[in-house]
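J.: Output the structure for:
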Amino acid sequence: MVSTVLLLGFALAAAITDLCWKKIYNWTTYPGILTGLAVSAFEPNGIGWEESLLGIVGCGLMMVFCFLCFPLGGGDVKLITMLAAFLGWYHGLECMLWTFVLGAILGLSILIWRFGVLKLLGRVGKQIWWLGAYRQWLPLSAEDRQALEPQLFLAPAALIAVVIVEFSVFG
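T.: From the prediction side, this is the model:
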């Protein structure tokens, strides 16, 4: 129970700073990782320090891979690593996947809000037609490229993911 309260506190702090300042600060994630490891080691009926360490390493390495391949911030890497310190490997991975799903839903919602459903579907249709006709993607204009790069806030999605995983909302 102590680990759940601490985890929610760290995730909430990261979500607030991500929304307000578009950053997930080290003063949230590094103490969170160490606290997660310590609480896991000493909390009765906790996951244990081995599972916590496995979560840190496993989820952390997966996030480093994502960081290298996709436009992801370093704070997001440390955030998921922090969550895995509290949750362990299996639940940390589940939380990471929920975070990405919720983040994608948020990103799609932002695009729909900016353009509307019909305009967005028209652009997708145009891309598909161009791909079929010319066997390559239609080059995007600078305006389209900028519009497709909305600022995503993964920390609020991670906070919701923690609630889903910790309280078994869908399972």
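J.: which residues of this structure score low on pLDDT?
T.: Applying pLDDT under 70 to the chain flags residues 150, 171.
J.: Relative to the whole chain's centre, how far out is the lengthiest helix in it?
T.: Ranked by residue count under DSSP state H, the longest helix found in the chain is helix 74-115. Centroid separation for helix 74-115 versus its chain: 2 Å, with C-alpha atoms, centre = their mean, to the nearest Å.
J.: for stretch 58-69, same thing?
T.: That offset, for stretch 58-69, works out to 11 Å (C-alpha atoms, centre = their mean).
J.: which one in the protein is furthest away from the centre?
T.: Taking C-alpha atoms, centre = their mean, the residue of the chain most remote from its mean C-alpha position is residue 133, at 36.1 Å.
J.: how much space between it and residue 66?
T.: Computed with C-beta to C-beta, to the nearest Å, the distance linking residue 133 and residue 66 is 33 Å. Glycine gets a C-beta too; all of them are placed from N, C-alpha and C.
J.: The helix or strand encompassing the residue farthest from the centre of the chain: which residues count as buried?
T.: Assigned by DSSP states H and E, residue 133 falls within helix 117-134. Neighbour counts over helix 117-134 (16 or more other C-beta atoms under 10 Å) mark residue 123 as buried.
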